[in-house]
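S.K.: Below: sequence and its predicted model.
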Amino acid sequence: MVRRYDLVMFDLDGTLADSLGFFIRTHNLLSAKYHFQPIQPHEVELLRQRSPREIMDHLGLPRWKLPFVARDFVRLMRLHGQQVCMFAGVERVLRDLHAHGLQLAVVSSNSVENCLRILGEDLCLLMSCIDGGASLFGKRTRILRVMKKLSIQPGQAIYVGDQLTDADAARAASVAFGAVCWGYGAPQGLAQTSPEVTFETVDALRLLACNTQPDAHVH
């Protein structure tokens with residue numbers, strides 16, 4: 001059943017923004033600087049099925065280097081972020097959810113500056129809160145901070161994302177998790193997290209504005 005939530009929090013990269021191609025190109029650029037393995041084209045689908053920790057191990061990226069790599073990734077997106085656009089249909093869906101009275105927010109590992117640029121001025125006005133700059137494994141505290149700011153209880157909120165770490169953060173914050181099938185993480189892996197709802201298409205997100213839906217795996 002897809003129930004109606006008072007607050008829908010979205011991840012940005014891979015959920016609202018089509019940035020996987022940019023991520024791979026930037027990862028490969030930074031691999032030479034920080035001495036880890038680049039992503040080969042034939043590895044992409046395999047890596048989509050793994051957790052971020054497993055990906056880091058596979059590529060020889062130690063966790064202590066992650067903050068430095070993430071900092072450079074954010075910087076390069078600020079400089080070249082015009083290459084990153086929203087997924088087709090996202091703008092229409094966000095407007096529809098907002099028109100139905102839902103509070104919307106973004107909780108992202110990307111910087112607030114990049115979130116604002118990618119969303120654009122009009123969509124930013126629909127957001128009750130934009131919280132960026134979370135570490136890859138630190139979204140739980142940001143989700144809790146957004147709910148506190150908006151006076152929302154965990155049972156009234158859902159976090160929508162595309163990676164296993166998004167599911168982990170939602171569970172740790174005691175909020176529902178909605179998995180999208182078009183992002184960085186493969187649907188098969190996300191299914192193992194038992195999301196409250198799985199969205200197969202961007203347009204299916206509009207069902208969050210409905211009271212009920214017979215199938216929690218929506219198209």
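M.R.: Perfect, I can see it now. Numbering: from 1, shown residues only.
S.K.: Can you pull the domain assignment for the protein?
M.R.: Per automatic domain parsing, the structural domains of the chain span 7-18+84-218, 20-83.
S.K.: could the ones you listed go into JSON lines alongside mean neighbour count and mean pLDDT?
M.R.: Using the backbone N, CA and C atoms, a C-beta is placed for each residue, glycine as well. Converted to JSON lines, those look like this (neighbours: other C-beta atoms under 10 Å; pLDDT from 0 to 100):
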{"stretch": "domain 7-18+84-218", "mean neighbour count": "19", "mean pLDDT": "92"}
{"stretch": "domain 20-83", "mean neighbour count": "15", "mean pLDDT": "92"}
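S.K.: Residues touching the helix or strand where Asp166 lies, excluding its own?
M.R.: Element membership of Asp166 [criterion: DSSP states H and E] is helix 164-172. With contacts defined as C-beta atoms under 8 Å, 6 or more residues apart in numbering, helix 164-172 is touched by 11, 15, 51-52, 136-137, 139-140, 143, 158-159, 161, 176-177, 179, 185, 189-190, 193, 195.
S.K.: Out of the residues you listed, which sit inside helices?
M.R.: Per DSSP state H, helices hold the following members of the contacts of helix 164-172: Pro52, Lys139, Arg140, Ile143, Gly189, Leu190.
S.K.: Out of those residues, the closest to Leu76 would be?
M.R.: Ranked by distance to Leu76 (C-beta to C-beta), these are led by Pro52 at 18.9 Å.
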